[in-house]
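S.K.: Predicted model and sequence follow; I will ask about them next.
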Amino acid sequence: MIEIDDGSDMLDVWAVADSIATVAQAVCPSGVWELRYCGGGTFVLELNAHLGNEQGCAACAQFYQQADYEGEGEHGSRFAITAQLD
C-alpha cells in the first residue's frame, strides 16, 4: 500500500480522482485543467472552460462526492470536492 502524507491510501485517491475526472469530462467536454488532491479527502478541480453560476451549481449534483462550486479560476470553473476515502 502506498500512503500519502495524510495517511490516505494512494489507490483510494486515484480511484476517486478517476471518478471525478470521468464526471468532469461529461459535464465539460473541453476537459480538466487541474485535478489536485489536497489531503483529508479534499480535491480541487478546475475545468478548461468557464461555466456560469447556474451551470456550475448544476454540475455539483453530477458528482458522486460532495462538490461545491467555488466560482471561476484562472483557466475555468473551480470546484472543491470532498470524498470519503476508505
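M.R.: Yep, it's here.
S.K.: For this protein, just list every one of the strands.
M.R.: 32-39, 42-47, 66-72, 77-82 (DSSP state E).
S.K.: of the ones you listed, which approaches residue 60 most closely?
M.R.: strand 66-72 (4.1 Å; C-beta to C-beta). (Glycine included, C-beta is placed from N, CA and C.)
S.K.: packing partners for that closest one?
M.R.: Strand 66-72 sits against helix 53-60, strand 77-82, with contacts defined as 3 or more C-beta pairs under 8 Å, 6 or more residues apart in numbering; DSSP states H and E.
S.K.: What pairs with the shortest one, parallel or antiparallel?
M.R.: Take DSSP bridges as the rule and strand 77-82 pairs in its sheet with strand 42-47 (antiparallel), strand 66-72 (antiparallel).
S.K.: most centrally placed residue in the protein?
M.R.: Nearest to the geometric centre of the chain sits residue 45, at 4.0 Å (C-alpha atoms, centre = their mean).
S.K.: which non-adjacent residue is nearest it?
M.R.: For residue 45, ignoring the flanking residues on the chain, the nearest one in space by C-beta to C-beta, 6 or more residues apart in numbering is residue 79 at 4.4 Å.
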